[in-house]
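structural data only, the sequence is not supplied:
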């Protein structure tokens, strides 16, 4: 951030009075510009014993696999965001179910929230952000080609809970980015 | 938003190519400025059969009661944010427990996430954003003077679960702001 989005003057980084953290502050109009974590919403869509995965058509991690997920928008619920992302990335319609995983991606200033979901019909196809969409059994999951650690965490917990007949929710924290290739 | 925080040029509102929503876009440097929901984190700190409530010293809803809660910061987990807010607003130290409530405050572009918590010692006092901090029994909760609908939702579910010996989590959506006084 270089300029004030309110008045257009340059901002400086300083700790505002009564605060405890450096913020971007406009000394012209007085606006304090807070920067806060972003929510990424997704789901694991299930059809019979298979789940829906997408191969990413965009960076980061183009060509790698993920469940449908993306940034939550203003005006929607967590569940609506997860269903919308599934529709955009996999052209698939789901019923959102129970909470599955909450991944604090602290290094990236993101919180990933993943739900279980049920495909309403076995109809799907790649949206503009996907190269490929597949229904795959647990034995077919491309564990070595997943896009992000939060995807692996979510899928491991999904299958473990399914095997145990449970629908728990699971928290974790990811402190480091993926190593650069 | 009036100006580009990257280059300082005026922004316009338009739907970027490949997008489906209007965004603030800088036609000078090309930056698209996304606006996304904010996370508000809090907890219901418990000591014996009582819970800790704070009376707000700041607007909105100055003078009304809430559990300790506030905006999540970059670099922290949901649980760390909830514990920090309790320390700032009530000068109290807690162990964060199970997930209690997730309130989609869609009209305000916020998601409120509330945990159960345990006070480590019965030591508390108002921080700068609180007028008063009290430990109160269920029969003493000021139901008619709570600050926000998300506070009431969270506390109702807390006491219902406690009476039933459960620790469930609960979702809801709040579509409308409080009526103006």
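Thanks, I have the structure now. Predicted model only: the values in this text are computed from it and were never measured.

next up, the contacts around the residue most central in space within chain A.
Centroid-nearest residue in chain A: residue A:40, 3.2 Å away (criterion: CA atoms, centre = their mean). Applying CB atoms under 8 Å, 6 or more residues apart in numbering or on different chains, we find residue A:40 in contact with A:69, A:70, A:71, A:72, A:105, A:110, A:111, A:112, A:113, A:150. The C-beta positions use only the backbone N, C-alpha and C, and glycine is treated the same way.

the longest helix seen in chain A close to chain B?
Ranked by number of residues, the top helix in chain A under DSSP state H is helix A:149-164. No: using CB under 8 Å from any CB of the partner chain, helix A:149-164 stays clear of chain B, coming no nearer than 13.3 Å.

by contact count, what packs against the next helix or strand after that helix?
As assigned by DSSP states H and E, the chain's next helix or strand after helix A:149-164 is strand A:170-173. If you count contacts as 3 or more CB pairs under 8 Å, 6 or more residues apart in numbering or on different chains; DSSP states H and E, strand A:170-173 packs onto strand A:94-105, helix A:149-164.

can you lay out these as JSON lines showing mean pLDDT and mean neighbour count?
What follows is these, written out as JSON lines (pLDDT from 0 to 100; neighbours: other CB atoms under 10 Å in any protein chain shown):
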{"stretch": "strand A:94-105", "mean pLDDT": "98", "mean neighbour count": "21"}
{"stretch": "helix A:149-164", "mean pLDDT": "98", "mean neighbour count": "18"}
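
quick one: the strands in chain A?
Counting by DSSP state E, chain A has strands at residues A:11-14, A:23-26, A:32-33, A:38-47, A:50-56, A:65-66, A:69-71, A:94-105, A:110-119, A:130-136, A:170-173.

what about the first one, average pLDDT?
Mean pLDDT, computed over strand A:11-14, is 96.

quick one on the thing from earlier: same list, the helices and strands packed on strand A:170-173, but as CSV with distance to residue A:56 please.
Shown next, in CSV, are these (distance: least, CB to CB, whole Å):
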stretch, distance to residue A:56
strand A:94-105, 17
helix A:149-164, 10
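
residue most distant from the centroid, chain A?
Within chain A, the residue lying farthest from the chain centre (CA atoms, centre = their mean) is residue A:28, at 36.5 Å.

sorry, back to before: nearest to residue B:97, of the strands of chain A?
For those, distance to residue B:97 was read as CB to CB. The smallest value, 11.6 Å, belongs to strand A:170-173.

can you tell me what sits against that closest one?
With contact meaning CB under 8 Å, 6+ apart, strand A:170-173 is reached by A:100, A:101, A:102, A:103, A:104, A:106, A:153, A:157, B:77, B:78, B:79.

any low-confidence regions in chain A?
Across chain A, residues meeting the criterion (pLDDT under 70) sit at A:180-181.

which parts of it sit against chain B?
Residues of chain A lying close to chain B by CB under 8 Å from any CB are A:1-8, A:10-11, A:18, A:21, A:33-39, A:71-79, A:99, A:102, A:104, A:106, A:109, A:111, A:128, A:169, A:171, A:173.

please list only the buried members of these.
By neighbour count, with 16 or more other CB atoms under 10 Å in any protein chain shown, the residues of chain A next to chain B hold A:3-6, A:8, A:11, A:33, A:36-39, A:72-73, A:76-79, A:99, A:102, A:104, A:106, A:111, A:169 as buried.

quick one: contacts for residue A:31?
So residue A:31 contacts A:4, A:5, A:6, A:7, A:25 (CB under 8 Å, 6+ apart).

so which bits of stretch A:13-30 are buried?
Taking 16+ other CB under 10 Å as the criterion, stretch A:13-30 shows A:23, A:24, A:25, A:26 as buried.

setting aside sequence neighbours, what's the nearest residue to the last one?
Spatial nearest neighbour of residue A:26, chain neighbours left out: residue A:4 (3.6 Å); criterion: CB to CB, 6 or more residues apart in numbering or on different chains.
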